[in-house]
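Novice: Can you look at this prediction? I've put the sequence above it.
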Amino acid sequence: MPLYEYHCQNCTEDFEKIVRFSEANLLPPCPVCGSTDTHKKISAAASFGNASSSGASSSGSSCGSGGGFS
């Protein structure tokens, strides 16, 4: 289950919640004030995408073949 970040418009509290994929479009109440006036935040990971689309090289890894372990 993914972890989503939310913001409460009523008390300005930011909070996180683990949500089932089937409930991803529902907005949870604020755990501090109980308001249902919340919205999902866009996290840095979600806004940048994966490594292959951000310009990072996917031709190798830091655990590549010359590490000496076999």
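Specialist: In hand now; what should we look at? Numbers count the residues shown, from 1 in each chain.
Novice: show me where pLDDT drops low in the protein?
Specialist: 43-70 (pLDDT under 70).
Novice: how about a cut-off of 50?
Specialist: 54 (pLDDT under 50).
Novice: how about the strands of it, start to end?
Specialist: Secondary structure of the chain (DSSP state E): strands located at 3-8, 14-18, 38-40.
Novice: could you redo those strands as CSV and give each row distance to residue 25 and mean neighbour count?
Specialist: (Glycine included, C-beta is placed from N, CA and C.) CSV is the format used below for the strands of the chain (distance: least, Cβ to Cβ, whole Å; neighbours: other Cβ atoms under 10 Å):
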stretch, distance to residue 25, mean neighbour count
strand 3-8, 11, 16
strand 14-18, 13, 13
strand 38-40, 9, 16
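Novice: Dump those strands into a markdown table; add distance to residue 32 as well.
Specialist: Shown next, in a markdown table, are those (distance: least, Cβ to Cβ, whole Å):
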| stretch | distance to residue 32 |
| --- | --- |
| strand 3-8 | 7 |
| strand 14-18 | 7 |
| strand 38-40 | 11 |
